[in-house]
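K.L.:
could you work out the structure for the sequence below:
(chains A, B, C and D)
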2 protein chains.
Amino acid sequence: MYNQNTMNELPASTSDIQTSLLSKINEWQVLRAIQHRGPMSRAEVARYARITAPTASKAAESLLKAGLLEEEESTEILRGRPARKLRLPQRNAQVLGLVLDADKCRVVSAGLDGSLHDTVYEFATPDNYGLLLDTAEAYLRTALKRENVITLGLGISIPGLLDYSNQLSILSPNLPITNNHSPAQDLEKRLGIVCVQLQESHALCLAERHYGNAIGMDDFAMLDVNIGVGLGVMSGGRLLKGNRGLAGEVGHITVSPNGRRCGCGNRGCLETEASDSALVHAISQRLGRKTDIDEVLQIIASGKIEITHEIEQICRYLAIGVATVINLFNPSTLFIHGRMFAADPALFSRLLTEIEQRSLAPAFSDCHIVMARGSKRQGAIAGIIEHLFNSLLPPSMQETPSRTLPSPVSVAQR
Amino acid sequence: MYNQNTMNELPASTSDIQTSLLSKINEWQVLRAIQHRGPMSRAEVARYARITAPTASKAAESLLKAGLLEEEESTEILRGRPARKLRLPQRNAQVLGLVLDADKCRVVSAGLDGSLHDTVYEFATPDNYGLLLDTAEAYLRTALKRENVITLGLGISIPGLLDYSNQLSILSPNLPITNNHSPAQDLEKRLGIVCVQLQESHALCLAERHYGNAIGMDDFAMLDVNIGVGLGVMSGGRLLKGNRGLAGEVGHITVSPNGRRCGCGNRGCLETEASDSALVHAISQRLGRKTDIDEVLQIIASGKIEITHEIEQICRYLAIGVATVINLFNPSTLFIHGRMFAADPALFSRLLTEIEQRSLAPAFSDCHIVMARGSKRQGAIAGIIEHLFNSLLPPSMQETPSRTLPSPVSVAQR
DNA sequence: GGGGTTTAGTAAATGTCTTTTAGAAAATGT
DNA sequence: ACATTTTCTAAAAGACATTTACTAAACCCC
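P.N.:
Next up, the predicted model:
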């Protein structure tokens, strides 16, 4: 009767009656605490999450039963009664990751703590979508049927534009076979486990926050200079998605109004002026023949051919893009990932001085700019773990700021 | 005893013991429901916020007692027992707004529903900070001592760069007297009421979301083309702030790598190439004498002097900035506020076609671009109301996504 | 080695909250 | 006049976290 009354007012999306949410939220708090701080005893959890000891204990009990936590013997020598530490399962439960890329794809698995397992399956990217699905499914099934292990979900990292509202890959220049398909939905049907797909740079960003150098940071950005240029932004503790999930598409902002024509139709996009492919293009012109990124990186590293001019040019344009990111998002740290910087460390400092000129002083001085060495595998894993933990929460509280200190008590009941 | 134990682990920021949070959250839900949907009966609130009737009733009771709600007689004629509607107080409680600007300042007041009162105090911006404070205080005190009205807080809108973590104005080219001062903290001391300060464009953004054309939108942006260029972005239902509150500083992104030197030291900033001042500069050059924005707008409106070239140039650069915003934030709507577009409607459609060329197709087609006519007064008011309502929540839940549909039950207890 | 101390963890009582259930109030419809 | 509908509240019931008290298991020190 009550339900029917509500129906005329409310959208149908949110499920109606939920019971006993208070304890669910506390369970989530406990999980988050352990995820952020590592293995802890029940008492530590209680202190850290600001809940009382019995509450923490009960939540832990229920999580142990569900297989989302494990107990380990404490090795620390302390004064009082020794504590049994709680930790995220490293072997009893796992999640899978699928990393799609232009040339090759990888299937990885990891514990719920994000620690990658050793076995990695790798295969060349097939040239049609059906085959991609078949091949991926085969490897994933192998990873699935480990003994005594529950697999909780699969995270997929995809290059190119992703529509999050429809879970669709809409435009992937480097992996066109996924266009207008939804690997996550298709694999979810085939495998029967929860699947989520994330844009490559977004995934990288999540990985850095959970398992990398951005632990505890609420406002940072991750720039990936590759064939194209990708960007993931964490703002206020949440991954920036925008209306459909296209947020962070920095590759096609204009950095040179009359620059080279880009595949997107515009002129002087960041991607055409400053990326691995831009570098390759410039050096090809210089050499008078075609070349590829590996050779270019060798040239840089060896210093044999004088290409300072080309590199400076690229730095100049890249700096405009980076400065734009700093001005618009005011990150506390900006991670830059790119093979060309690994090849020549001097390149990075040159870039820095360019960025300083191009960005607003207060925003620049507020921002640490560092090189990153993220892994897409970890990104796919971080994506699914984030999703799983988040979906433990009642819908009303999902997509929470997920602060580092899990905040003093928030506990709900229905 | 318990508190002391926690102290060695946790930052001191969050206040320690809070009691009876469950009901506080429900009160907040009720308030939000009424704020979003307008006056409602207790029964409607219960349905809309998905809480049971007695719960809604009790929360309403407590809010009525606190003066945060009023009752009104329902005029609707329905079947059953007539309902007494609940609404946000329009007269019994008020908030104040202080809008600081380069030339003049204004003091306004409004009900808790955001409806501006008629009396507006206006004064020329003094040339030193002490005098500004004194003058503002005098007007604010007048607004404060209305009979039988509780004043709950003051919102301040400030142009230029604001540091939210330290509540400091750090760089305001057009209002330099506030530099390194905190009007909010200073007025809070003098007046004894809660004060918050917001960057002008951020305030505008909030106003549009609460009382303008962006009601219910979770991802939109608001671009203000003025002497400078300001940007406020709402993403995932939250105002983008960045690490220190500098997010959205679009004025100094580079749109013309070798353009005119800007006050910030960079070349070809958006603000120097496409803003009211850029327009004035260009037309001054053309006329061979100094002019001002009012005259320029007249020239545009009258069409007497052919200045198409100058205007096209500005459109071109503005489009680069706008396209950057669309690519990076993927907003569902972009509001553009600017006097020059009001003067010549054709200008706007010209801008649109430029933007389309400069932005990524999927992001562009996902984004409505419309003219806005926001008011800074409403912005200051929206700022303080947002703050007040948010601070009703327990710290752990503050800065909530504040979705339009207040979500199925979230109710907590301690 | 035994008592004192410290820390971890659990059990039962207490209290606070929401929900359920039931009913009164106030209008319309027939 | 009586049934129906809707709003709103009161009292009982139920769920959950907290408080309080207690046990378990270690170390420290005389």
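
K.L.:
okay, CA-based contacts and neighbour counts for the rest of this
P.N.:
Noted.

K.L.:
list the contacts of A:L68.
P.N.:
The neighbours of A:L68, taking Cα atoms under 8 Å, 6 or more residues apart in numbering or on different chains as the test, are A:88-89, A:93, A:112.

K.L.:
next one: A:E271
P.N.:
A:227-229, A:251-252, A:277-278.

K.L.:
where's it, which helix or strand?
P.N.:
In this assignment (DSSP states H and E), A:E271 forms part of helix A:270-273.

K.L.:
and A:A319, by the same measure?
P.N.:
Here A:A319 is assigned to helix A:308-329, by DSSP H and E.

K.L.:
buried residues in that helix?
P.N.:
Across helix A:308-329, burial judged by 16 or more other Cα atoms under 10 Å in any protein chain shown covers A:310-311, A:314-329.

K.L.:
give me the residue from the stretch 201-350 of chain A nearest DNA strand C.
P.N.:
A:G216 (23.7 Å; Cα to the nearest atom of the strand).

K.L.:
thinking that residue is in contact with A:R209, fair?
P.N.:
Yes - counting by Cα atoms under 8 Å, A:G216 touches A:R209, with 6.9 Å between them.

K.L.:
neighbour count winner among those two?
P.N.:
Ranked by neighbour count (other Cα atoms under 10 Å in any protein chain shown), A:G216 and A:R209 place A:R209 first, with 21 against 14.

K.L.:
so that one makes contact with A:D219?
P.N.:
No - counting by Cα under 8 Å, A:R209 stays clear of A:D219, with 9.9 Å between them.

K.L.:
from the contacts of A:L68, which two are the most distant?
P.N.:
A:L88 and A:A93 (8.7 Å; Cα to Cα).

K.L.:
which neighbours do those two share?
P.N.:
A:68, A:111-112.

K.L.:
kindly indicate which of these lies nearest chain B.
P.N.:
Comparing those against chain B with Cα to the nearest Cα places A:L68 closest, at 23.8 Å.

K.L.:
got phi/psi on the closest one?
P.N.:
phi -90, psi -10 (degrees, to the nearest 10).

K.L.:
give me the domain ranges for chain A.
P.N.:
Following automatic domain parsing, one gets these domains for chain A: A:18-88, A:93-206+A:376-389, A:213-371.

K.L.:
how about these in CSV, adding mean pLDDT?
P.N.:
Formatted as CSV, the domains of chain A follow (pLDDT from 0 to 100):
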stretch, mean pLDDT
domain A:18-88, 86
domain A:93-206+A:376-389, 95
domain A:213-371, 93
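
K.L.:
check which helix or strand covers A:R286.
P.N.:
Going by DSSP H and E, A:R286 is in helix A:276-287.

K.L.:
which residues touch that helix?
P.N.:
A:225-228, A:271-272, A:290-293, A:296, A:307, A:310-311, A:314, A:340.

K.L.:
how far does the helix or strand encompassing A:Y139 sit from the chain's center?
P.N.:
Take DSSP H and E as the rule and A:Y139 turns out to sit in helix A:129-144. With Cα atoms, centre = their mean, to the nearest Å as the basis, helix A:129-144 stands 22 Å off its chain's centre.

K.L.:
the helix or strand following it pairs with which strands?
P.N.:
Downstream of helix A:129-144, the first helix or strand assigned by DSSP H and E is strand A:150-158. The pairing partners recorded for strand A:150-158 under DSSP bridges are strand A:93-99 (parallel), strand A:194-199 (parallel).

K.L.:
hmm, A:A247 is touching B:F329, no?
P.N.:
Yes - judged on Cα under 8 Å, A:A247 makes contact with B:F329 at a distance of 4.6 Å.

K.L.:
joint contacts of those two?
P.N.:
Here A:A247 and B:F329 have A:240-241 as joint contacts, going by Cα under 8 Å, 6+ apart.
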